[in-house]
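**Q** make a model of this:
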Amino acid sequence: MSLEERGSQQGGDAPCSPADGGSIVAVRLSIALERLVLARRVTEQFLADLTPAEWFWSPPQYPTHVAWQVMHIAASQYSLCFRRIRGVLPEDEAWFPAAYVAQFGLGSQPQLDPTANPSLDEIRRTFDGVYQRVLAEAPTYAESSLAETVDPPHPVFQTKLGSLEYASHHEGVHAGQIAMLRRLMHKKPLR
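**A** From the prediction side, this is the model:
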């Protein structure tokens, strides 16, 4: 489906092609943010009815839990949508402590003991806060910077815009893992 068809199907007023007054980068950014909103809507459905104990429940076969999955989504979104694009800023520490990248980022291992993790309130604050900041800050990125190559390189995307685009795909993968954990808890399927 072309960008023009997608735009008319959604009924939006945003430019859907360069012919409509929008650049390809602006259109791709808009689509990336729409996909991120959709991914978050799906993830939230899987979280809505969980008890505090279920957030930290782990199957015996695989050491993970919903709380780790949610914080991993937040850590990855921070890395994909901020660190790789504009770098780490000193003020980020107030809303996304650097220690969270090591605890929940790429290559980290879930800590099964709930006391070794942030509280559920802190998890929700961080998860929601990173997402809201992405939606607020990403539209302010200069198009020229979004076309720049990411450093360090990534195997899935080459540009900073690609990093933003990948964020929704990554959240979808982990929403699937949350859905699997729900099934292992014998919860009714939502999809």
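**Q** for the closest residue to residue 43 other than its chain neighbours, identify the helix or strand it belongs to.
**A** Excluding the flanking residues, the one nearest residue 43 by Cβ to Cβ, 6 or more residues apart in numbering is residue 175, at 4.3 Å. Quick note: C-beta positions are derived from backbone N, CA and C, even for glycine. Assessed by DSSP states H and E, residue 175 sits inside helix 160-184.
**Q** just residue 135 next, same as before
**A** Per DSSP H and E: residue 135 is located in helix 120-137.
**Q** beyond that helix, next helix or strand please.
**A** Downstream of helix 120-137, the next assigned helix or strand under DSSP H and E is helix 143-146.
**Q** that older thread, so which elements touch the helix holding residue 135?
**A** With contacts taken as 3 or more Cβ pairs under 8 Å, 6 or more residues apart in numbering; DSSP states H and E, helix 120-137 sits against helix 24-47, helix 52-55, helix 66-78.
**Q** who are the packing partners of the second one?
**A** This points to helix 52-55. So helix 52-55, by 3+ Cβ pairs under 8 Å, 6+ apart, packs with helix 66-78, helix 120-137.
**Q** which other residues reach it?
**A** For helix 52-55, contacts defined as Cβ atoms under 8 Å, 6 or more residues apart in numbering pick out 65, 66, 67, 70, 120, 123, 185.
**Q** let's see 10 Å
**A** Outside helix 52-55, the residues within contact range by Cβ atoms under 10 Å, 6 or more residues apart in numbering are 47, 65-70, 114, 117, 119-120, 123-124, 181-182, 185, 187.
**Q** nearest spatial neighbour of residue 71, chain-adjacent residues omitted?
**A** By the measure of Cβ to Cβ, 6+ apart, the closest residue to residue 71 outside its immediate chain neighbours is residue 104, 4.1 Å from it.
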